[in-house]
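Student: Any chance you could fold what I've pasted below:
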Amino acid sequence: MKKIRVLIVDDSAVIRHSLTGILERSGLIEIIATAPNPYVAAACMKKEIPDVITLDLDMPRMDGLTFLHRIMTQHPVPVVVISSLTRKGSPEVIRALEYGAVEVIHKPNLINQENISESCIQIVDAVIAASMSRPLRRNMTRLPKASAQSANAVSAFGFNNKTIIAIGASTGGTEAIQTLLAGLPANTPPVIVVQHMPAGFTRTFAERLNSLFPFRVKEAENGEKLTAGKVLIAPGGFHTAIKRCADGFCADVYSGALVNRHRPAVDVLFNSAARVAGSNASGILLTGMGADGAAGMLLMKQAGALTIAQDQATSVVYGMPKEAEKIGAAQYVLPINHIAEFVINKVKNAR
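Tutor: Predicted structure coming up:
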């Protein structure tokens, strides 16, 4: 099998060396060049265009965001941002996704040997996912939002706290989630989201979404009640499930081993939704590499829940939704800009 050709851009020689070792040990990736700054990287790209670029954001001479913007406007290549800024929840990370980065992950902590193996898995998986991505989907927010009509039509409809919408996503999911949420009414049924994302970044992501929509969006806290008009984002580095509480459902946020190589994992959320909510839940599986969420979605379907997968045409990486479709877990396969309208009408008509 042809190896994935990668260009590493980071001003730290130690990090460049470490990333080279991490990626090449996978046996699937070839490092064609490393660069200490964007100017050297641009010169490397004139000689050979890589399949994927790993990019730091905080660099001298030209910052990573400026270089990312130039890449995407002049010669789009899948980019994985590997930066220490993700740990600080920097707004620059959000901008990197808006500019077209496929993934943003933590720069590996070479001193903390306990977590280095997890970092290696995340870095390799991110590069593989990026190599499978479709950069043209970065125009996703420009899709005609038929679901926005649904948001207006049902805004006066009273949803309660006994029906929930569970959403799972990975690569390309930040854009897909934004598009889906744009079609929900202000009094949306309770929503809980697992997006594969590093710790420290999910809060910034939630705050960004909260500034865009009439309903509240926030990072989930353990024991927090799922209520109409609120969207909870699973915190990075923790699993988030659903548990029963007085007159409804609450978030169950906890640490634990990786599930399907992820924490948070979509299967953890979907499994709990099947177990405690049954037919009162709707499961939506969006773009992403791998199979996380497919098995849990099948359990949701068997428990009587509504299950929907994003279609291939609007997915950045058609992996997780494809697996759900393959095992018969998804009752419906829809374009991202039609999902909100569909699920809201289903929930409304079921009452």
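
Student: Could you find the closest non-adjacent residue to Phe215?
Tutor: Leaving out its chain neighbours, the residue that sits closest to Phe215 by CB to CB, 6 or more residues apart in numbering is Gly229, at 4.8 Å. C-beta here means a position set from N, CA and C on the backbone, and glycine is covered the same way.

Student: The one you found against Ala186, yeah?
Tutor: Yes: contact status for Gly229 versus Ala186: in contact at 6.4 Å, counting by CB atoms under 8 Å.

Student: These two: which is more packed in?
Tutor: Set side by side, Gly229 and Ala186 show more neighbours around Gly229, with 17 against 14, by other CB atoms under 10 Å.

Student: Do you know the pLDDT at Pro108?
Tutor: Pro108 is assigned 81 on the pLDDT scale.

Student: How is it assigned, secondary-structure-wise?
Tutor: coil (DSSP: H, G, I helix; E, B strand; the rest coil).

Student: Kindly report the same for Ile8.
Tutor: The three-state assignment at Ile8 reads strand, by three-state DSSP.

Student: From Arg5, how far out is the residue lying closest to it once chain neighbours are set aside?
Tutor: Closest residue to Ile8 apart from its sequence neighbours, by CB to CB, 6+ apart: Thr34 at 4.4 Å. For Thr34, the distance to Arg5 equals 13 Å [CB to CB, to the nearest Å].

Student: ok, the two, which is more surrounded?
Tutor: Shown here are Thr34 and Arg5; by other CB under 10 Å, Thr34 has more neighbours (20 against 16).

Student: For Val6, list the residues it contacts.
Tutor: For Val6, the contact set (CB atoms under 8 Å, 6 or more residues apart in numbering) comprises 23, 29-32, 50-54, 127.

Student: And Phe205, how far from Lys218?
Tutor: Separation of Phe205 from Lys218 (CB to CB) stands at 11 Å.

Student: overlap in contacts of the two?
Tutor: Ile233.

Student: And those two? Which one has more around it.
Tutor: Ranked by neighbour count (other CB under 10 Å), Phe205 and Lys218 place Phe205 first, with 25 against 16.

Student: Double-check the more buried one against Pro235; I have them as touching.
Tutor: No: contact criterion CB under 8 Å: Phe205 and Pro235 do not qualify, at 10.2 Å.

Student: Roughly how far does the residue nearest to Phe215 sit from Pro190?
Tutor: From Gly229 to Pro190 the distance is 8 Å (CB to CB).

Student: what about the helices in this protein?
Tutor: In the chain, the helices defined using DSSP state H lie at 13-24, 38-47, 64-74, 91-99, 113-131, 146-153, 173-181, 202-210, 266-276, 294-302, 320-326, 336-350.

Student: Of all these, which one comes closest to Ile165?
Tutor: Among the helices of the chain, the nearest to Ile165 by CB to CB is helix 336-350 (6.4 Å).

Student: which parts of the closest one are buried?
Tutor: Buried residues in helix 336-350, defined by neighbour count with 16 or more other CB atoms under 10 Å: 336-344, 347-348.

Student: next one: stretch 91-101
Tutor: So for stretch 91-101, counting by 16+ other CB under 10 Å, buried means 92-94, 96-101.

Student: What count of nearby residues applies to Glu221?
Tutor: Counted with other CB under 10 Å, Glu221 comes out at 12.

Student: Now it: phi and psi?
Tutor: phi -120, psi 150 (degrees, to the nearest 10).

Student: Then Pro60?
Tutor: The phi/psi pair for Pro60 (degrees, to the nearest 10) reads phi -80, psi 170.

Student: residue contacts, it?
Tutor: 11, 37.

Student: before we move on, the earlier item: and the contacts of Val6, which of them are buried?
Tutor: 23, 29, 31-32, 50-54, 127.

Student: So which of those is the closest to Ser133?
Tutor: Of the buried ones among the contacts of Val6, the one sitting nearest to Ser133 (CB to CB) turns out to be Val52, at 8.8 Å.

Student: On the strand side of things, show who that closest one bridges to.
Tutor: Val52 has these beta-bridge partners by DSSP bridges: Val6.
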